[in-house]
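Novice: Quick one, what's the 3D model for this:
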Amino acid sequence: MVNIIVSPSIYASCPQFKLGVIQYQQIIIGNSPQMLRGRFQLYQENVKFDFLDQSVTADPTIQEWRSIVKGFGVDPARYRHSAEALLRRVKNGQPIQSVNSAVDVTNLLSLQYKIPFGIYDLARLTGPIELKIGSLDDDYEALNGRTYNLNNKLMLNDQSGPFGSPFVDSTRSSVTEHTKQALHIVYIQPSLAQTEAKRLLSAVANMFVSLHGGDCHIQLIAD
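Specialist: Take a look at the predicted model:
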């Protein structure tokens with residue numbers, strides 16, 4: 001199992017910080033089955049209805065993560081975490097396109113729980129992995145095709161450098177149909193009780209394994 005460390009500087013800024021970690025082995029990733037595509041489409045329709053008369057930032061979970069981002073020195077109105085970005089896209093009538101079963105279910109879960117998620121190919125990473133605060137020198141080629149700077153942002157780092165964040169992930173660690181081992185990172189809202197956080201992680205793992213087979217190991221990291 002990959003060793004994952006949360007930098008003490010994160011707890012100094014956010015004492016209740018919680019990170020969910022799920023490692024999957026012997027999984028099979030492919031095109032999303034019709035059941036997942038249908039559920040994803042239905043959930044997007046529900047999101048549009050739920051936010052018809054209110055802004056995305058009115059949601060308490062979105063507000064909590066915006067305050068965390070601001071506490072690390074990032075303007076949440078300029079840099080939106082991935083869950084907020086997804087919700088805004090759906091509210092504005094911009095459907096989220098299918099990528100593969102692993103990415104699609106991760107996006108669905110992010111919409112459902114309104115928190116950032118990350119999904120990474122473990123074969124492309126070399127441990128140990130650390131979650132820390134980035135600097136001006138930290139950047140990577142992001143999934144949106146741009147060079148993304150991680151100054152003052154939460155970032156995941158392995159021996160080769162940064163590869164992920166709750167804003168946008170890198171191309172280096174992306175999952176494909178060739179991925180057999182994957183790492184789910186779940187940025188749980190700090191106010192959630194540990195018993196509820198563990199229940200959330202179990203639900204996430206069960207849904208992922210039901211679609212992709214294999215087995216998993218769940219870990220909740222908290223101070």
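
Novice: From now on I want contacts and neighbour counts done on CA atoms only, so please keep to that.
Specialist: Fine.

Novice: What count of nearby residues applies to residue 161?
Specialist: Counted with other Cα atoms under 10 Å, residues neighbouring residue 161 total 16.

Novice: Correction: the previous question concerned residue 196.
Specialist: 10.

Novice: cool, and residue 160?
Specialist: Residue 160: 11 surrounding residues under other Cα under 10 Å.

Novice: which residue sits closest to it, ignoring its sequence neighbours?
Specialist: Using Cα to Cα, 6 or more residues apart in numbering and skipping the chain neighbours, the partner closest in space to residue 160 is residue 126 (7.2 Å).

Novice: Before we move on, what's the pLDDT of that neighbour?
Specialist: Residue 126 carries a pLDDT score of 92 in this model.

Novice: So in terms of bridging, what pairs with the most centrally placed residue in the chain?
Specialist: Central residue of the chain (Cα atoms, centre = their mean): residue 117, 1.2 Å from the mean position. For residue 117, the beta-bridge partners under DSSP bridges are residue 186.

Novice: Pull the contacting residues for it.
Specialist: 82-83, 106-107, 109-110, 166, 184-187 (Cα atoms under 8 Å, 6 or more residues apart in numbering).

Novice: And the strands in this protein, which stretches?
Specialist: Here the chain has its strands, by DSSP state E, at 4-6, 18-25, 117-121, 129-133, 139-141, 147-149, 154-158, 161-164, 182-186, 215-222.

Novice: I'd like to check the angle between the fourth one and strand 18-25, please.
Specialist: For strand 129-133 against strand 18-25, the angle between stretch directions is 150 degrees (axes from the mean of the first three to the mean of the last three Cα atoms, to 10 degrees).

Novice: tell me how far the helix ranked longest in the chain is from the chain's mean position?
Specialist: Longest helix in the chain, counting residues (DSSP state H): helix 194-212. Between the centre of helix 194-212 and the centre of its chain there are 14 Å (Cα atoms, centre = their mean, to the nearest Å).

Novice: Please apply the same query to stretch 174-184.
Specialist: With Cα atoms, centre = their mean, you get 14 Å for stretch 174-184.

Novice: can you pull the contacts of the residue of the chain most remote from its centre?
Specialist: No residue in the chain sits farther from the centre than residue 53, which is 26.6 Å out by Cα atoms, centre = their mean. Under the criterion of Cα under 8 Å, 6+ apart, residue 53 has no neighbours.
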